[in-house]
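**Student:** Sequence and predicted model, in that order:
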Amino acid sequence: MNPNVHSLVGAYALDAVDDLERAAFERHLRDCDDCRAELIELREAAARLPDGTWAVPPPRLRDSVLTAIAHTRQLPPTEPAVPPAGTRPSRRMRLAAAAAVLVTAVGTGTAVYAVQDHRVRHEHQLAEAAQASEARVRAILAAPDLVVRDQRLTSGGRVTVASSRLNDAGVIMLAATGAPAAGRVYQLWTIRGGVPSSVGALHQGQSAVVQIVDGLPGSSGVGVTVEPAPGSTTPTAPLDALVKLT
């Protein structure tokens with residue numbers, strides 16, 4: 001069991017603890033105001049991840065999506081890594097697995113309902129792109145060398161960064177407690193050699209995103225800022241969060 005019971009709050013919020021850790025953390029939770037407050041924030045952030053992705057689909061959507069699925073080559077299932085006999089997955093790997101489930105749920109909702117904004121002829125391409133993106137996120141989060149770090153947002157919420165040198169890529173998961181004020185957006189940055197580089201700005205009203213970033217393990221940090229829409233060429237100080245990778 002992790003000797004620092006405070007560090008179990010993230011895994012507990014994602015239901016990624018075993019029975020012994022759950023019992024120990026729940027006993028600790030009775031007497032720790034900080035952990036209770038952080039647990040509430042994490043659960044609220046997770047609940048807000050689908051915000052902005054749900055809409056009532058048009059009547060033709062169901063038939064067109066089913067038609068696309070019938071003619072789309074499905075990707076083969078990814079074989080999970082099997083730990084040696086007599087061992088159990090580490091907390092880090094359980095947390096990554098829980099994050100993968102959460103990412104898949106968010107990504108699937110976004111991909112399916114984004115079809116509403118495109119012509120029917122693009123639905124097939126969108127379905128394939130969503131499958132490929134989901135498969136890649138799962139592959140990165142299942143990497144044996146995965147490193148997961150996170151940081152609170154000053155504005156409320158959390159940003160989690162998972163990186164793998166074997167894949168030379170990483171995943172940035174932003175879950176803010178709310179969108180910035182009107183006319184402003186969240187923007188993600190990687191920092192290499194002290195120089196920030198934008199890896200994407202969210203849309204107005206958007207408070208959550210899952211972003212794959214190639215070459216992420218070569219960066220020293222990941223920053224989050226609030227910028228004037230639709231985004232900036234350089235980050236506005238102060239940063240809303242900075243996740244140090246080295």
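**Tutor:** Structure received. Everything numeric here is computed off the predicted structure, so don't read it as measured data.

**Student:** how much space between W189 and P235?
**Tutor:** 5 Å (CB to CB, to the nearest Å). Quick note: C-beta positions are derived from backbone N, CA and C, even for glycine.

**Student:** what's the weakest-modelled helix or strand in the chain?
**Tutor:** Least confident helix or strand of the chain, by mean pLDDT, DSSP states H and E, is helix 91-113 with a mean of 49.

**Student:** Mean confidence (pLDDT) on the next helix or strand after that one, please.
**Tutor:** The element immediately downstream of helix 91-113 (helix or strand, assigned by DSSP states H and E) is helix 123-141. Helix 123-141 carries an average pLDDT of 78.

**Student:** Give me the phi and psi angles of G156.
**Tutor:** phi 110, psi 130 (degrees, to the nearest 10).

**Student:** I'd say it and L42 touch.
**Tutor:** No. Between G156 and L42 there is no contact under CB atoms under 8 Å: 11.5 Å.

**Student:** What's the local residue count around V195?
**Tutor:** V195 is flanked by 9 other residues according to other CB atoms under 10 Å.

**Student:** Ignore what I typed, I meant V147.
**Tutor:** With other CB under 10 Å as criterion, V147 counts 15.

**Student:** Nearest residue to it in space, ignoring adjacent ones along the chain?
**Tutor:** S163 (5.4 Å; CB to CB, 6 or more residues apart in numbering).

**Student:** ok, now how distant is the one you found from S198?
**Tutor:** 18 Å.

**Student:** the more surrounded of these two?
**Tutor:** More crowded of S163 and S198, by other CB under 10 Å: S163, with 26 against 17.

**Student:** What backbone torsions are found at the more buried one?
**Tutor:** Here S163 shows phi and psi, under degrees, to the nearest 10, equal to phi -130, psi 150.

**Student:** coming back round to it: okay, and the common contacts of W189 and P235?
**Tutor:** Residues touching both W189 and P235 (CB atoms under 8 Å, 6 or more residues apart in numbering): P196, G223, T225.

**Student:** residues touching the first one, list them.
**Tutor:** Going back to what we said before, that points to P196. W189, T190, G223, T234, P235.
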